[in-house]
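Student: Just the structure for this:
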Amino acid sequence: MVWPEPEQEPAASRRRLSPEAERVLDISITVGGLIVATLLGAGLAIVEALYSPLRVGGFRVPVSLLMAIVTNPLLGWFAFTTTRSRLAALLPAAAWCVVWILSAGRTSEGDLIITDDNWVGLLTLFAGPLAFAIGIYLSAMRPRAAAPSTPDPSAPAAH
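Tutor: A predicted model of the protein is given here:
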């Protein structure tokens, strides 16, 4: 089956935003992306901390460790991609670390989430920030795709 070619609108009929509107939209996407990434970092840290003492059949299950190893680099990538700044991409990592550091301390009642015999929690506390660092580093070092160039009108059309 052959699909029909999409009709191309002439460049003059496309609507363009004003430079000021483009700047406002860009700033809105950057700030919104950073807020989403930071809230996701804190939310995932809470879920991971609560899953760190999980046991199945008397054995600890490293669910929180796997979640941190998978999601933290993705959060670092998302934050870097939306903000285009490695420094701003550290905000979700900071939110994650704050939640985990607070989880390692005693509550006013003396309760602990991450105890000294919880190898899953301790390993996640170590591996989580490293996973963030790897995600941010790989995102920042990956070469950017070049902007599409406008076709030369004098060049023959390729079919």
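
Student: so which strand or helix has the one residue sitting closest to the centre of the chain?
Tutor: Centroid check for the chain by C-alpha atoms, centre = their mean gives Leu75 as the closest residue, at 1.8 Å. Under the criterion of DSSP states H and E, Leu75 resides in helix 63-83.

Student: how about the strands of this structure, start to end?
Tutor: Taking DSSP state E, the strands of the chain run over residues 55-56, 59-60.

Student: what's the most buried one of the ones you listed?
Tutor: Among those, strand 59-60 has the highest mean neighbour count (mean count of other C-beta atoms under 10 Å), at a mean of 12. Every C-beta, even on glycine, is put in place using the N, C-alpha and C of the backbone.

Student: next one: that one to chain centre, how far?
Tutor: Chain-centre distance of strand 59-60: 29 Å, with C-alpha atoms, centre = their mean, to the nearest Å.

Student: what's the neighbour count on the closest residue to the residue nearest to the centre of the chain other than its chain neighbours?
Tutor: In space, and not counting its chain neighbours, Leu75 is closest to Pro92: 4.9 Å by C-beta to C-beta, 6 or more residues apart in numbering. Neighbourhood size, Pro92 [other C-beta atoms under 10 Å]: 29.

Student: In the protein, what helix or strand scores lowest on average pLDDT?
Tutor: For the chain, using mean pLDDT, DSSP states H and E, the weakest element among its helices and strands is helix 119-141, scoring a mean of 90.

Student: follow-up on the earlier one: right, and the strands of the chain - which one's nearest Thr38?
Tutor: Closest to Thr38 of these, according to C-beta to C-beta: strand 59-60, at 29.1 Å.

Student: ok so, going back, got the contact list for the residue nearest to Leu75?
Tutor: Counting by C-beta atoms under 8 Å, 6 or more residues apart in numbering, Pro92 touches Ala37, Thr38, Leu40, Gly41, Ala42, Leu75, Gly76, Ala79, Phe132.

Student: Only the buried subset of those residues, as a ChimeraX command please.
Tutor: Command for ChimeraX that selects the buried part of the contacts of Pro92, burial taken from 16 or more other C-beta atoms under 10 Å:
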select :37,38,40,41,75,76,79,132
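
Student: Could you check how far Pro73 is from Glu5?
Tutor: For Pro73, the distance to Glu5 equals 39 Å [C-beta to C-beta, to the nearest Å].
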